[in-house]
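# model the structure of this input:
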Amino acid sequence: MKIIIHVGMPKTGSSSIQQTFARLNHPDLKYIDWDASGNHSALFVLLFQDVDKLAEFHSFKARGPEFIRDLPALREEWRERISRELANADNKTVIFSGEAISSPAFENAAQRMHDFFAEFSHDITVIGYSRPPSDFITSAYQQNLKIKKVSSVSRNDKSPQLEAVLEMPRYRARFEKIDRIFGRDAVRLREFSRESLFGSDVVQDFAHEISVAPLAEDQILRTNESLSLEAVALLYLHRKLSGGFVSGFKRAAEANMAFISRLATIGRRKFAFSPQMLAPILEKERDDIAWMEERLGHPFSEAGTAHPDAIGSLDDLTVIALKQYDTVQELLGKQATSGGQATTETLVHALERLRENCYLEVLNSASQRRAKIASRFLIEKGKSTMKATTDRPEPTEAELNIRRKLAHVLWIQENENTLPEDMDARKEMFQSSKVGYLRRARNLVQRLKNHGIELTEQPD
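Have a look, this model is predicted:
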């Protein structure tokens with residue numbers, strides 16, 4: 001048995017790798033079973049982190065004290081389950097994937113993971129991807145806005161402590177311990193850039209690294225979690241002035257993502273920091289960047305030119321957010337806040353109402369599912385003859401078709417100046433971002449419904 005351990009780093013297409021290989025029906029591969037996302041980070045922490053530190057992990061903490069009390073028992077249960085999976089894997093290649101493995105906070109856990117897998121096989125290979133520094137800092141800031149509290153993202157950027165609110169790559173702290181624990185010869189590190197990846201695609205590159213033939217396009221599940229500049233600006237202002245990510249209950253992470261998904265329908269401009277804004281910070285990281293380039297065997301291929309929409313300070317985000325006030329009101333539909341001009345106070349009030357609506361939708365959906373399960377149980381026990389009708393109806397095929405066509409229209413509208421002439425290349429380009437456009441189409445349809453507008457498909 002061969003074991004492949006994919007360690008991230010964060011913001012290098014890990015979700016696409018995980019979702020693709022978790023669902024891939026390949027006779028020679030075994031993807032460790034965990035959850036629908038295929039992301040083993042939480043499983044890695046559950047199995048291998050110090051027991052007294054389990055409650056500190058963000059996704060566990062967000063689920064509340066009752067879940068945290070169950071963690072020791074869950075740890076033993078899942079250790080037994082994974083041990084059985086490995087024992088029955090025969091000669092397959094087993095894949096375990098989690099960005100948390102390369103986190104500097106989990107060195108002891110990484111060592112325990114190595115020792116655990118070594119009980120089943122000595123043929124262990126680690127694969128990691130390293131994102132160029134400016135790209136990483138920009139993407140990580142966006143991610144932190146999604147999941148962290150206000151103090152982590154809102155410090156005045158005119159302070160000399162701007163780097164305190166920007167996450168650094170910390171290449172050496174991430175990967176040197178992996179080299180030490182597994183042996184450098186067993187660790188393959190790749191640059192996450194189109195120029196460096198096999199087929200200019202991280203999923204195909206990962207397949208190539210584990211000796212799997214190139215995947216067909218319809219086998220690849222791509223996720224694009226990037227927000228537009230406008231959506232980032234709104235989220236920044238909300239986190240800064242409303243108190244941040246509301247958590248501490250079971251479905252907090254899902255509710256938070258519902259809010260972010262709604263914001264993701266706004267805007268189309270690219271979020272980026274200007275080179276001038278990042279230059280003094282990157283200078284302080286020069287030694288760490290040099291270490292990573294030496295480990296890769298070549299310099300990063302990062303472009304040095306500024307994106308035309310790049311911001312020069314975090315204050316720019318407030319200005320951009322205020323221009324989206326009317327759009328936020330449209331998202332609220334009949335629940336739009338009372339009139340008035342766009343100020344930080346009125347905009348944050350509208351954003352907070354939008355967040356509350358999204359949270360309620362998730363919590364109500366969960367309650368409806370529980371009610372239906374309970375109703376079915378009572379029916380089976382002969383205590384009720386009422387049919388459960390609390391679930392939301394699934395979209396019809398006609399509705400799904402409208403969403404697909406609308407997604408394609410949105411994609412063409414935003415990419416009309418860069419569309420390749422070759423139709424196969426154009427199709428491939430659309431497929432690479434299809435999931436994000438489908439999500440936007442779904443939310444756009446819902447926004448129209450809020451205003452009493454129903455889309456229908458005209459016959460040919």
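
# list the residues that contact Q18.
6, 37-40, 97 (CB atoms under 8 Å, 6 or more residues apart in numbering). C-beta coordinates here come from the backbone N, C-alpha and C atoms, glycine included.

# from these, which shows the smallest pLDDT?
Within the set of the contacts of Q18, pLDDT is lowest for S37 (86).

# so where's the stretch 251-400 of the chain uncertain?
303-305, 339, 366-393 (pLDDT under 70).

# show me where this structure has strands.
2-6, 29-31, 93-97, 124-130, 187-191 (DSSP state E).

# need these in TSV (columns: mean neighbour count and distance to E285).
Below are these laid out as TSV (neighbours: other CB atoms under 10 Å; distance: least, CB to CB, whole Å):
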stretch	mean neighbour count	distance to E285
strand 2-6	23	25
strand 29-31	20	35
strand 93-97	23	27
strand 124-130	23	13
strand 187-191	19	16
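
# switch the ones you listed over to TSV; also include distance to D115.
What follows is the strands of the chain, written out as TSV (distance: least, CB to CB, whole Å):
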stretch	distance to D115
strand 2-6	13
strand 29-31	20
strand 93-97	14
strand 124-130	11
strand 187-191	16
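
# nearest approach to P280 belongs to which of these?
strand 124-130 (22.2 Å; CB to CB).

# relative to strand 187-191, how tilted is that closest one?
Put simply, strand 124-130 runs at 20 degrees to strand 187-191, going by axes from the mean of the first three to the mean of the last three CA atoms, to 10 degrees.

# for strand 124-130, packing partners?
strand 2-6, helix 107-118, helix 171-182, strand 187-191, helix 202-209, helix 286-296 (3 or more CB pairs under 8 Å, 6 or more residues apart in numbering; DSSP states H and E).

# mind redoing it with 10 Å?
If you count contacts as 3 or more CB pairs under 10 Å, 6 or more residues apart in numbering; DSSP states H and E, strand 124-130 packs onto strand 2-6, helix 14-23, strand 93-97, helix 107-118, helix 171-182, strand 187-191, helix 202-209, helix 286-296.

# what mean pLDDT would you report for that strand?
Regarding strand 124-130, the rounded mean pLDDT is 99.

# off-centre distance for it?
Centroid separation between strand 124-130 and its chain, computed with CA atoms, centre = their mean, to the nearest Å, is 20 Å.

# neighbouring strands for that strand, and are they parallel or not?
strand 2-6 (parallel), strand 187-191 (parallel) (DSSP bridges).

# out of those strands, which gets nearest to K449?
K449 lies closest to strand 2-6 among the strands paired with strand 124-130, at 40.3 Å (CB to CB).

# helices along the stretch 151-300 of the chain, start to end?
Applying DSSP state H, counting those that start in this stretch to the stretch 151-300 of the chain gives helices spanning 171-182, 202-209, 229-242, 252-263, 275-284, 286-296.

# for the spatially closest residue to S274 that is not a sequence neighbour, list the residues it contacts.
Closest residue to S274 apart from its sequence neighbours, by CB to CB, 6 or more residues apart in numbering: A310 at 4.1 Å. Contacts for A310 (CB atoms under 10 Å, 6 or more residues apart in numbering) come out as 134, 138, 229, 270-278, 316.

# and L24, by the same measure?
Applying CB under 10 Å, 6+ apart, we find L24 in contact with 31, 38, 95, 203, 207, 212, 215, 219-221.

# so how far is V187 from it?
24 Å (CB to CB, to the nearest Å).

# swap in Q204?
From Q204 to V187 the distance is 21 Å (CB to CB).

# likewise D179?
Per CB to CB, D179 is found 5 Å from V187.

# so what sits against both of those two?
With CB under 10 Å, 6+ apart, D179 and V187 have common neighbours 126, 128, 295.

# any idea of the pLDDT on R403?
84.

# quick check: closest non-adjacent residue to it.
Distance criterion CB to CB, 6+ apart; nearest residue to R403, sequence neighbours excluded, is A441 at 4.5 Å.

# so of the helices of the stretch 151-300 of the chain, which one's packed in deepest?
Ranked by mean neighbour count, these are led by helix 229-242 with a mean of 23 (mean count of other CB atoms under 10 Å).

# how about that one as CSV, C-alpha atoms only?
C-alpha atoms of helix 229-242 as CSV (Å, rounded to 0.1, in the frame of the first residue of the first chain):
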residue,chain,number,x,y,z
LEU,A,229,-13.4,43.5,-4.8
GLU,A,230,-16.9,44.8,-4.0
ALA,A,231,-17.9,41.7,-1.9
VAL,A,232,-14.6,41.9,0.0
ALA,A,233,-15.2,45.6,0.7
LEU,A,234,-18.7,44.8,2.1
LEU,A,235,-17.5,41.9,4.2
TYR,A,236,-14.6,44.1,5.5
LEU,A,237,-17.0,46.8,6.6
HIS,A,238,-19.4,44.3,8.2
ARG,A,239,-16.6,42.5,10.1
LYS,A,240,-15.1,45.9,11.2
LEU,A,241,-18.2,47.5,12.5
SER,A,242,-20.7,44.7,13.5
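
# show me what it is packed against.
Applying 3+ CB pairs under 10 Å, 6+ apart, we find helix 229-242 packed against helix 133-147, helix 252-263, helix 315-322, helix 325-332, helix 344-380.

# what's the closest of the ones you listed to A306?
A306 lies closest, by CB to CB, to one member of the helices and strands packed on helix 229-242: helix 133-147, at 10.0 Å.

# please point out which parts of that closest one sit buried.
Residues of helix 133-147 classed as buried by neighbour count (16 or more other CB atoms under 10 Å): 133-142, 144-147.

# so how far is it from its chain's centroid?
11 Å.

# what's the answer for stretch 64-83, then?
24 Å.

# mean confidence for that stretch?
Averaging pLDDT along stretch 64-83 yields 93.

# buried set for it?
Within stretch 64-83, the residues scored as buried using 16+ other CB under 10 Å are 67, 71, 75, 82.
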